[in-house]
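Chemist: prediction below, plus the sequence it came from.
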Amino acid sequence: MTTEAVTPKRESVDLDVRARAGRLSRSPVFYGIAIGLLAVAVGQWGHVSPPAAYGLCSACHGRDLSSWLLNHIEGKHLFITAAGAGWPVLTVVGVVLGSLAAAKRNGEFGSINIGGNARMFIYGGIVMGAALFVGGCPTRILIRTGFGDVAGILALGGVAAGIVAATVSMRWVARR
Amino acid sequence: MTVSIVSLLFGGVVGYLGQRSRMCSIGGLRDFVLVRDTALLKGALALAVSAWVGFGVVRLIVGSDAGHGLLAAGTTPSGLTAVAAILVGAVLLGFIATLSGACPLRQHVLAGQGRVGAWYFLGGFYIMAIVYTSWIEPHIGSWVL
């Protein structure tokens, strides 16, 4: 359980433009609007297309990248979607590098080890298997829901049920 | 060529904004259930709504290759087995992702800002990607891309 809920301090209304722009990038709603529209544009015009609504997905793009590497190094014939078959899809690399740049720039970079690493390894494996099974990580499930995909809507309902069950059970374990 | 450049740049934007806003697509519902905090939930809602608006605009401009209605054509899972499989897999995904503390995209962001647990998470993540495509997928097929 991580404590990531941010409670921004209520500042005075008359901020200068630069501070206002800096605060905008910290808003989850701005993230949602910008990334949603960009993901649609990238999926449509950025050649990240053959599966529909494929603009942003950490599980599928990671699968494409790892399969591409194995196919080109080891000569295997693993499954890759048509988008990442020719040149690799590098979204996951970009996410890590972008986050590194943001953390360095704002002085939030630092190695934090809160333990439970073997458990996180197992969780990572299960999450990847389940995400490839239902066709996308939770972020792409949201995008697919916007696309009007029935499988995406079903998966969104299932993920919501899973989150509620996990949260309630964690609270139950903590209170016991 | 274009795919690599575009996806790398877009990934950089996602990583930067994701690190600044602490956005997580499962954290919204978790925070709402736990402490009634709706900040991240609004972000997830904005993501789905803006994707919906964006796809609507694209269908108007391009002239639609994916159906004009609210639901995209040809994306309905075929049969009760597929529906049940998707639901079970999604419940498992939501449950385990919540236990691990963040959605997979947020784990990439955490890995970039130096969380050691996220690196272990990504290790299991990519090993399972290879295991899944090598040995599991040939047996069950992939009905959802």
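Modeler: Sure, I can see it. Computed from a predicted structure; not experimentally measured. Residues are numbered from 1 along each chain as shown, chains lettered A, B, ... in the order given.

Chemist: low-confidence ranges, chain B, go.
Modeler: Low-confidence segments of chain B (pLDDT under 70): B:63-78, B:141-145.

Chemist: please, where are all the helices along chain A?
Modeler: Counting by DSSP state H, one finds helices in chain A at the ranges A:17-24, A:28-45, A:58-74, A:91-105, A:117-134, A:138-147, A:150-175.

Chemist: with chain B instead?
Modeler: B:2-21, B:27-35, B:39-62, B:79-100, B:104-112, B:116-131, B:137-140.

Chemist: just send these back as JSON lines, with distance to chain A and mean neighbour count too.
Modeler: Yep, even glycine has a C-beta here, placed from its N, CA and C like the rest. Output for these, formatted as JSON lines (distance: least, CB to the nearest CB, whole Å; neighbours: other CB atoms under 10 Å in any protein chain shown):
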{"stretch": "helix B:2-21", "distance to chain A": "2", "mean neighbour count": "23"}
{"stretch": "helix B:27-35", "distance to chain A": "4", "mean neighbour count": "21"}
{"stretch": "helix B:39-62", "distance to chain A": "3", "mean neighbour count": "20"}
{"stretch": "helix B:79-100", "distance to chain A": "2", "mean neighbour count": "21"}
{"stretch": "helix B:104-112", "distance to chain A": "3", "mean neighbour count": "29"}
{"stretch": "helix B:116-131", "distance to chain A": "3", "mean neighbour count": "22"}
{"stretch": "helix B:137-140", "distance to chain A": "6", "mean neighbour count": "11"}
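
Chemist: of all the ones you listed, which one comes closest to A:Ala130?
Modeler: Nearest to A:Ala130 among the helices of chain B is helix B:79-100 (3.8 Å), distances taken as CB to CB.

Chemist: now stretch B:97-110: how far from the chain's centre is it?
Modeler: 11 Å (CA atoms, centre = their mean, to the nearest Å).

Chemist: could you export it as PDB, CA atoms only?
Modeler: Taking Å, rounded to 0.1, in the frame of the first residue of the first chain, the C-alpha atoms of stretch B:97-110 are listed here in PDB:
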ATOM      1  CA  ALA B  97      -2.600  -4.800  -9.300                       C
ATOM      2  CA  THR B  98      -4.200  -3.200  -6.300                       C
ATOM      3  CA  LEU B  99      -2.200  -5.400  -3.900                       C
ATOM      4  CA  SER B 100       1.000  -4.400  -5.700                       C
ATOM      5  CA  GLY B 101       0.100  -0.800  -5.100                       C
ATOM      6  CA  ALA B 102      -0.300   0.700  -8.600                       C
ATOM      7  CA  CYS B 103      -1.300   0.000 -12.200                       C
ATOM      8  CA  PRO B 104       1.400  -1.300 -14.600                       C
ATOM      9  CA  LEU B 105       1.900   2.100 -16.200                       C
ATOM     10  CA  ARG B 106       2.400   3.700 -12.800                       C
ATOM     11  CA  GLN B 107       4.900   1.000 -11.900                       C
ATOM     12  CA  HIS B 108       6.900   2.100 -14.900                       C
ATOM     13  CA  VAL B 109       6.800   5.700 -13.700                       C
ATOM     14  CA  LEU B 110       7.800   4.600 -10.200                       C
END
